[in-house]
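A.B. asks: What follows is a predicted protein model with its sequence.
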Amino acid sequence: MRSTLSRREALKHIAIAAGALAVARTTTAAPSLPHVNPKDPMAVGVSYHENVATLKASEFPQYKPGDKCANCAQIGGTAGQAWRPCNIFAGQLVSANGWCSAYSRKT
Ligand code: SF4
């Protein structure tokens, strides 16, 4: 008994597999979250800076060179990503190069 697929059947199976893969990718992709707006009242309240390079260190005595969101205890997500979740801004992403007055160095 010969059990080979016809070319048409093989293409049909490939199309079905590709469709299933596309659905799987859509349902497992990380949700796209908005970036924290530095002008948002909560962000202003904690002096969030999207880029620590724009921070005037003289205005924030608790700031130490090298402090930034990427090495803060409140940051989540994956190291190396430019935008990551933060515990104090639920449902939004902060810049890995940002900083705010709630900063606490990750130990
Ligand atoms: S709590 Fe930390 S990670 Fe969150 S915005 Fe402030 S400095 Fe960045």
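C.D. replies: Received it, and whenever you're ready, just let me know what you need.

A.B. asks: Low-confidence bits of the protein, can you list those?
C.D. replies: Filtered on pLDDT under 70, the chain yields the residue ranges 1-31.

A.B. asks: Give me the most central residue, it.
C.D. replies: Centroid-nearest residue in the chain, with Cα atoms, centre = their mean: residue 84, separated by 3.4 Å.

A.B. asks: which residues touch the residue nearest to residue 49 when sequence neighbours are not counted?
C.D. replies: Nearest in space to residue 49, with sequence neighbours left out and distances taken as Cβ to Cβ, 6 or more residues apart in numbering, is residue 55 at 4.8 Å. The way it works is simple: take the backbone N, C-alpha and C, and place the C-beta from them, glycine included. Counting by Cβ atoms under 8 Å, 6 or more residues apart in numbering, residue 55 touches 49, 63, 99.

A.B. asks: hang on, isn't the first one packed against residue 99?
C.D. replies: Yes. Judged on Cβ atoms under 8 Å, residue 49 makes contact with residue 99 at a distance of 5.2 Å.

A.B. asks: ok, now how distant is the residue lying closest to the residue nearest to the centre of the chain once chain neighbours are set aside from residue 70?
C.D. replies: The shortest distance from residue 84 to any residue other than its chain neighbours is 3.5 Å, reached at residue 77 (Cβ to Cβ, 6+ apart). Between residue 77 and residue 70 the distance is 10 Å, computed by Cβ to Cβ, to the nearest Å.

A.B. asks: what sits in contact with each of these two?
C.D. replies: Contact criterion Cβ under 8 Å, 6+ apart; residues shared by residue 77 and residue 70: residue 84.

A.B. asks: More neighbours: those two, which one.
C.D. replies: Under the neighbour definition other Cβ atoms under 10 Å, residue 77 and residue 70 were set side by side, and residue 70 has more, 20 against 16.

A.B. asks: Since that was my last question, I'll sign off now.
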